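Q: my questions concern the predicted model and sequence given below.
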Amino acid sequence: MTLFKMFRRGSAPIARERLQILLAHERGARNQPDLLGILREEILAVISRHVPFEPDKVQIKLDRGKSVSTLEVDIEIPNGFGTALAKAS
Amino acid sequence: MANVVVVTSGKGGVGKTTSTAALGAALAQHGEKVVVIDFDVGLRNLDLVLGAERRVVFDLINVITGVAKLPQALIRDKRLENLHLLPASQTRDKDALTEDGVAKVIDELRTKFDWIICDSPAGIERGATLAMRHADAAIIVTNPEVSSVRDSDRIIGLLDSKTVKAENGERVEKHLLITRYHPSRAARGEMMTIEDVLEILSTPLLGIIPESEEVLRASNIGSPVTLSNALSAPARAYFDAARRLRGEVVPMIVPSENKGIFNKLFGRKAA
């Protein structure tokens, strides 16, 4: 939307365009299961089979980028297991 | 056969309570037996807009908890004998609004009234979901403005999934009521047009209520606008919307401002 168009046609077309894009996205997400919740549960289930940790010392973040999104999993592991993992790698 | 209608929007301040009062009164003026229910526990206002604020003795939660019988809580309008109000509680905890309790009250009202109009609180919490729970039809009140349209879309999603009808595989009949419409602003491209909003929400249009000082005046004096000034533009729009709700086919009038040539040329800033 150019500045020229904005002055010529007012801001309503911008409102309409923004809403169409936003609602298309929100409607798509509405009926999807909670992806982050499912990932969190399954990842934690796998790790807890091998390493003990406290569930509230876990942080999972999803950053949506333009072309790539990143899933960040941050788990605090007690020290003994930390050194075992370091040796194994 | 009683019709349960929820007046809802998601966003606050778009005109749910005003529209509930005006449509309830318009239907009663047509001879229909109407009850309007305020679901906004803790922030009731339908009583005030209807001018019945000093007549509230018992409320919806009193009926649900068994403190009062339903006929004791119903307030009959002084001007329209067909119009009744079931007020919300102003003080009680809204957890007292239970799903079973609401179901029982609605069932009892179905035997007594032609129209049961539920004025939903803003938001998507308990009060709002219970107000829409038993609806046969929904009126989604929307202003031609981005946040209102977005919230309406969200509410439409809830009407299609969280109502008794939706859970039984049926559909809640949905109607869009566009309020606070400025025809001149829309014409200048400053406000989304009716077509824009309809295209985005793809919901059938029940009516277009133009922005008008008469609406504010009506709430100031505690009278539905269809009673306070029945010939005003918003009142006529509400009468038409009420007739459409009853299933009549009424041509849709898009409000326009009849301006003289002088105003057309010089009156832009004044709008």
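A: Arrived safely, thanks for sending. All values derive from a computational prediction rather than experimental measurement.
Q: ok, then the element right after the helix or strand where residue A:40 lies?
A: Assigned by DSSP states H and E, residue A:40 falls within helix A:35-48. Once the chain leaves helix A:35-48, the next helix or strand it forms, by DSSP H and E, is strand A:58-63.
Q: check the offset of that next one from the chain's centre.
A: Centroid displacement of strand A:58-63 relative to its chain, using CA atoms, centre = their mean, to the nearest Å, is 7 Å.
Q: and the residue of chain A closest to chain B?
A: Closest to chain B within chain A is residue A:10: 2.6 Å, counting by CB to the nearest CB. Every C-beta, even on glycine, is put in place using the N, C-alpha and C of the backbone.
Q: pull the contacting residues for that residue.
A: B:188, B:189, B:190 (CB atoms under 8 Å, 6 or more residues apart in numbering or on different chains).
Q: now, which of those sits nearest residue B:11?
A: Residue B:11 lies nearest to residue B:190 out of the contacts of residue A:10, by CB to CB, at 19.7 Å.
Q: what residue is smack in the middle of chain A?
A: Centroid-nearest residue in chain A, with CA atoms, centre = their mean: residue A:62, separated by 2.1 Å.
Q: just list whatever residues bridge to it.
A: In this structure, residue A:62 bridges to residue A:71 when assessed by DSSP bridges.
Q: number of nearby residues for the residue of the stretch 51-200 of chain B found nearest chain A?
A: Nearest residue of the stretch 51-200 of chain B to chain A, counting by CB to the nearest CB: residue B:189, 2.6 Å away. Using other CB atoms under 10 Å in any protein chain shown, residue B:189 has 19 other residues around it.
Q: that one against residue A:14, yeah?
A: No - contact criterion CB atoms under 8 Å: residue B:189 and residue A:14 do not qualify, at 9.7 Å.
Q: enumerate the residues of chain A near chain B.
A: By CB under 8 Å from any CB of the partner chain, the residues of chain A that approach chain B are A:9-13, A:15-16, A:18-20, A:22-23, A:26-27, A:30.
Q: cutoff 7 Å now
A: Within chain A, the residues that sit near chain B (CB under 7 Å from any CB of the partner chain) are A:9-13, A:15-16, A:18-20, A:22-23, A:30.
Q: just give me the longest strand of chain B.
A: strand B:173-181 (DSSP state E).
Q: just give me how far that strand sits from the chain centre.
A: Taking mean C-alpha positions (CA atoms, centre = their mean), strand B:173-181 and its chain are 9 Å apart.
Q: given it, what are its sheet partners and their directions?
A: strand B:137-142 (parallel), strand B:205-210 (parallel).
Q: can you put these in a markdown table and add mean neighbour count and mean pLDDT?
A: Shown next, in a markdown table, are the strands paired with strand B:173-181 (neighbours: other CB atoms under 10 Å in any protein chain shown; pLDDT from 0 to 100):
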| stretch | mean neighbour count | mean pLDDT |
| --- | --- | --- |
| strand B:137-142 | 26 | 98 |
| strand B:205-210 | 23 | 97 |
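Q: of those strands, which is nearest residue B:245?
A: It's strand B:205-210; of these, that one is closest to residue B:245 (CB to CB) at 6.6 Å.
Q: with just CA atoms, put the closest one into CSV.
A: C-alpha atoms of strand B:205-210 as CSV (Å, rounded to 0.1, in the frame of the first residue of the first chain):
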residue,chain,number,x,y,z
LEU,B,205,-26.7,-9.2,7.5
LEU,B,206,-29.6,-8.4,10.0
GLY,B,207,-29.3,-4.7,9.9
ILE,B,208,-27.2,-1.6,9.8
ILE,B,209,-27.6,0.9,12.6
PRO,B,210,-26.2,4.3,11.8
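Q: what does the stretch 151-271 of chain B have sitting close to chain A?
A: Residues of the stretch 151-271 of chain B lying near chain A (CB under 7 Å from any CB): B:153, B:157, B:188, B:189, B:190, B:191, B:192, B:193, B:196, B:200.
Q: just for chain A, where's the confidence low?
A: Low-confidence segments of chain A, defined by pLDDT under 70: A:1-9, A:31, A:81-89.
Q: now the stretch 51-200 of chain B
A: If you take pLDDT under 70 as the line, the stretch 51-200 of chain B has these spans: B:92.
Q: and the helices in it?
A: Per DSSP state H, counting those that start in this stretch, the stretch 51-200 of chain B carries helices over the ranges B:60-64, B:70-73, B:99-110, B:126-133, B:146-159, B:164-167, B:183-187, B:194-201.
Q: can you list the buried residues in the last one?
A: Same thing as helix B:194-201. Neighbour-count burial for helix B:194-201 flags B:194, B:196, B:197, B:200, B:201 (criterion: 16 or more other CB atoms under 10 Å in any protein chain shown).
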